[in-house]
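> Next come a sequence and a model predicted from it.
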Amino acid sequence: MTTIVDGIDEAGFGPVLGPMVVTAIVYQMPLDLLGVSMWEALAGAVCRKPSAKRRGMIAVGDSKKLYSGLRGGGGLEHLERGVLSMLAATGQRPATLEALLAAVSPGTADKARACPWYQGLDLPLPRDITAAGLALDCNSIQARLARAGIKPLAMRSEILLESEFNRLVTAGDNKSALLFDVSCRLLEHVWRKMPRTQHSHIFVDHQGGRVHYREGLMRVFDGCQFKINDESETRSSYTLLDADRTLEIEFLVQAEDRHLPVALASMLSKYVRELFMGVYNKYWATHLPDLAPTAGYYTDGRRFFAQIQPVIQTLGLDAASLYRCR
């Protein structure tokens, strides 16, 4: 017997520039592996953190710890190794950012093309690792997945560009509500794809200080029976029953440290966002060559936005499509 295990996490919730990305990673695995750490099940191919002693192993962990940001070259190395090698196990080997978007977020590329600052979607991949190295990683992870009987089913991202983010936040209550709504899109996607007789587990990184998720989940899973297993500051757990399907959903503090699918969802979200920010910074540098790049977070994002104001006015761009309102 098999079960479905899904992890959901985000990147870009806090910045004022660039997209917010929420990702679901879905695996099918033998039921007897359900209580086993996937890091343990895939031991020999993956590890939790990079190490000089384990250079051949692929680090899968909290994306914030694996990404070195704007501090120097090679910042994307560990994100790329994990994301692109696991994506290859689903049959996808994107050679550009546009191809990556087609694989994980259909329709996003068309929306991005409407923004002058996101025209560089032909950005070649990988960025910070070699094709030869990636090929070795792909072989390693696919062999270990096969031995464990684990099959990656989907890597799916919801990407909100600035204008859509502003529209949805303005129409709703707040950013936290928006994050939950976008996460629910992914939950619904997994539910639709789930076999009718399948038992599934979904792990989601805890969303701020929120404790109660039942009412929101009931709107997504209309007609299901709900059971509250736990609602606390560190764990909110629910069981959903629908005819011959059972779904366990857990919202966990630091879920990326406890479940590999959540960690990988964090990595794909971060990878996509940073590729977008690379394209974004390159566009503005063509107009202001001395402009320091930005990661888009509040203080530096405000600095960057102030410095590009003359270009925005000269080109007649819509400032509301560039700066996130909350």
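Yes, it's here.
> which intervals of the protein have sub-threshold pLDDT?
70-74, 173, 196-197 (pLDDT under 70).
> on contacts alone, who are the packing partners of the helix of greatest length in it?
Counting by DSSP state H, the longest helix found in the chain is helix 260-287. The contact analysis (3 or more C-beta pairs under 8 Å, 6 or more residues apart in numbering; DSSP states H and E) places helix 260-287 against strand 2-11, strand 20-30, helix 38-41, helix 63-66, helix 77-88, helix 97-104, strand 151-160, strand 199-205. C-beta coordinates here come from the backbone N, C-alpha and C atoms, glycine included.
> Reformat these as JSON lines; add distance to Leu275.
Formatted as JSON lines, the helices and strands packed on helix 260-287 follow (distance: least, C-beta to C-beta, whole Å):
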{"stretch": "strand 2-11", "distance to Leu275": "11"}
{"stretch": "strand 20-30", "distance to Leu275": "10"}
{"stretch": "helix 38-41", "distance to Leu275": "25"}
{"stretch": "helix 63-66", "distance to Leu275": "13"}
{"stretch": "helix 77-88", "distance to Leu275": "10"}
{"stretch": "helix 97-104", "distance to Leu275": "5"}
{"stretch": "strand 151-160", "distance to Leu275": "11"}
{"stretch": "strand 199-205", "distance to Leu275": "21"}
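> And those: which comes nearest Asp242?
strand 199-205 (10.8 Å; C-beta to C-beta).
> packing partners for that closest one?
Using 3+ C-beta pairs under 8 Å, 6+ apart, strand 199-205 sits against strand 2-11, helix 175-193, strand 245-252, helix 260-287.
> residues in contact with Ile141?
Residues in contact with Ile141 (C-beta atoms under 8 Å, 6 or more residues apart in numbering) are Leu42, Ala45, Val46, Ile58, Ser85, Met86, Ala88, Ala89.
> Endpoints of stretch 112-124, how far apart?
17 Å (C-alpha to C-alpha, to the nearest Å).
> so how many other residues sit close to Asp32?
Asp32 has 11 neighbours, counted by other C-beta atoms under 10 Å.
> For Leu161, the count of nearby residues, please.
With other C-beta under 10 Å as criterion, Leu161 counts 19.
> that older thread, nearest to Cys325 among the helices and strands packed on strand 199-205 would be which one?
Cys325 lies closest, by C-beta to C-beta, to one member of the helices and strands packed on strand 199-205: helix 175-193, at 9.6 Å.
> Give me the buried positions along the closest one.
Applying a neighbour-count criterion of 16 or more other C-beta atoms under 10 Å, one finds 175, 178-184, 186-187, 189-191 buried in helix 175-193.
> returning to what we had before: take the helices and strands packed on strand 199-205 and lay them out in CSV including distance to Glu98.
Listed next are the helices and strands packed on strand 199-205 as CSV, based on distance: least, C-beta to C-beta, whole Å:
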stretch, distance to Glu98
strand 2-11, 19
helix 175-193, 22
strand 245-252, 33
helix 260-287, 10
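> list the contacts for the residue nearest the centre of the chain?
Note on the chain: the residue nearest the mean C-alpha position is Ser269, at 2.5 Å, using C-alpha atoms, centre = their mean. Ser269 makes contact with Asp9, Glu10, Ala11, Gly12, Val21, Val22, Thr23, Ser63, Ser157 under the criterion C-beta under 8 Å, 6+ apart.
> and if you look at Gln307?
So Gln307 contacts Leu288, Leu291 (C-beta under 8 Å, 6+ apart).
> ok, it to Ala285 distance?
Noted for Gln307: a distance of 11 Å to Ala285, by C-beta to C-beta, to the nearest Å.
> Ok, Ser163 next?
On the measure of C-beta to C-beta, Ser163 and Ala285 end up 22 Å apart.
> got it, and Glu162?
19 Å.
> Which one of the two is surrounded by more residues?
Comparing Glu162 with Ala285 by other C-beta under 10 Å, the one with more neighbours is Glu162, at 25 against 13.
> That concludes my questions; thank you for your assistance.
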